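In: What follows is a predicted structure for the sequence shown.
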2 protein chains.
Amino acid sequence: MDMDGEVALPEGRRILVAVDESDESVQALRWCLGTFFAARGAGDTIILLYVRPAPPAYSVLDASGYLFADEVTSAIDRYSREVADAVVEKAHKLCTLYGKEMGEDDHEMKVEVKVAVGDSRSVICQMVDKLGADPLVMGSHGYGFFKRALLGSVSDYCLRNASCPVLIVKSQHE
Amino acid sequence: MDMDGEVALPEGRRILVAVDESDESVQALRWCLGTFFAARGAGDTIILLYVRPAPPAYSVLDASGYLFADEVTSAIDRYSREVADAVVEKAHKLCTLYGKEMGEDDHEMKVEVKVAVGDSRSVICQMVDKLGADPLVMGSHGYGFFKRALLGSVSDYCLRNASCPVLIVKSQHE
C-alpha cells in the first residue's frame, strides 16, 4: 500500500451523467450538481449523456400481417428522438436552475449535451473513454424492468467496464 | 420525471471512505480527496472507516492437536489491531499531506477515524446510517479473492444495501 505519492489536484473535471427517463437519473443529476458545483469554481464540465436505442433494422409486421416496415420504424425512431429531446431538455433545465441558485458569475458551470444511439451499456462505457470522463454518475437502474432482467442492469455493467470511478445514486424511495 | 423541485445546496457533507489494505482503497481515498476537497471550503468531513474481522469465538487446535485457544485468538486479534492501526494511520497521513498541499487555512478539512469490528459488508452499511454519510466511497474489491468469491464483493453488497449514493473507484491497473 503506497500512500506517499504525489497528490493530484484535478482541474476542469469532466463529469459524465447518464440521463434517462427514470426518477433515479434525476436524483443522480441533482446529487451531482449539489456535490460538484457547490462552492467550486474550478471550471468543471458536466456532460449530459442520453443513449437512445438504435432503430430496428428488420421489418415489422402488424397484427393483421401487413408489412409497415418504413412507417413503423420511422415512427419508433421519431418517438425515440422526442423522448431523447424531452429528457435532455429537462436535465439541462435543472442544470440552469442550479446555476442560477448558485450565482452563475462565481460558479462557472459548463454543460454539454450528447445524444448517442446504440446499446446504452456499451455506449456509456465508450463515451467515458472518448470524453475523458471522471467520474461517471448514474442512477442504479434505468431502462426498465424487463430489459434489466434480460441484460442485467446498466449500472452493473458500467461499474465493471467503465474506465473511471463510477458513482451510483439510488432512488430515495427504494 | 420531476425536474422542477428545489435544488439543495449541501453544507458540511459527511464523506465515508471505507479503507482497507488494498491499493484500490488508497486510490479511492485519493480520488475522494482530489474531488471533494479541491476548491471547496464548505467544511466537509471525511470519515475513514476500517472494519476489522471479529476475533474467532471458537477454540483453535494447532497441528499437533493442542488447544491454544486463548493464545491464538489473542494473537490473531492483536495482529488484526495492528493492521487496522497501520491502514488507518497511512490513510490519515494521506489526508494530512493533501490538506497541506491545498493550504489548510483556505480549505478546512475535518478528518475522523473509525475502526469497527464485524462483517465489513454489514458494518459499512450500518455506519452509513449511523454517521449520516453521503456519499460512501470505496474501492471495487477489497478483502481478498477467496472471501470475495465466497461472499460476493463488499462493494456489490454496499451498492445494493447502503442508503446513500455509492462511489466505486476501480484500480487503474485492472
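Out: Okay, I see it. Numbering: from 1, shown residues only, chains lettered A, B, ... in the order given.

In: From now on I want contacts and neighbour counts done on CA atoms only, so please keep to that.
Out: Noted.

In: Return the helix or strand in chain A with minimum mean pLDDT.
Out: Every helix and strand of chain A was ranked by mean pLDDT, DSSP states H and E. The lowest is helix A:145-151, at a mean of 59.

In: do you know how far A:Leu136 is from B:Gly34?
Out: Going from A:Leu136 to B:Gly34 by C-alpha to C-alpha, to the nearest Å gives 15 Å.

In: can you check A:Glu24 too?
Out: Using C-alpha to C-alpha, which is the criterion applied here, A:Glu24 is 26 Å from B:Gly34.

In: Comparing the two, which shows the higher neighbour count?
Out: Between A:Glu24 and B:Gly34, counted using other C-alpha atoms under 10 Å in any protein chain shown, the more crowded position is A:Glu24 (24 against 18).

In: Spell out the residue ranges of the helices in chain A.
Out: A:23-36, A:69-102, A:120-131, A:145-151, A:154-161 (DSSP state H).

In: who wins for proximity to B:Ile47 among these?
Out: helix A:23-36 (16.7 Å; C-alpha to C-alpha).

In: Can you tell me which helices and strands the closest one packs against?
Out: For helix A:23-36, the packing partners by 3 or more C-alpha pairs under 8 Å, 6 or more residues apart in numbering or on different chains; DSSP states H and E come out as strand A:14-18, helix A:69-102, strand A:136-139, strand A:166-169, helix B:23-36.

In: Could I get the ones you listed in JSON lines, plus columns for distance to B:Val111 and mean pLDDT?
Out: Output for the helices and strands packed on helix A:23-36, formatted as JSON lines (distance: least, C-alpha to C-alpha, whole Å; pLDDT from 0 to 100):
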{"stretch": "strand A:14-18", "distance to B:Val111": "25", "mean pLDDT": "92"}
{"stretch": "helix A:69-102", "distance to B:Val111": "27", "mean pLDDT": "85"}
{"stretch": "strand A:136-139", "distance to B:Val111": "25", "mean pLDDT": "92"}
{"stretch": "strand A:166-169", "distance to B:Val111": "22", "mean pLDDT": "92"}
{"stretch": "helix B:23-36", "distance to B:Val111": "11", "mean pLDDT": "86"}
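
In: Surely A:Val123 touches A:Val51?
Out: Yes: contact criterion C-alpha atoms under 8 Å: A:Val123 and A:Val51 qualify, at 7.2 Å.

In: Give me the common contacts of those two.
Out: Residues touching both A:Val123 and A:Val51 (C-alpha atoms under 8 Å, 6 or more residues apart in numbering or on different chains) are A:116-117.

In: These two: which has the busier surroundings?
Out: A side-by-side neighbour count of A:Val123 and A:Val51, using other C-alpha under 10 Å, places A:Val51 first with 21 against 17.
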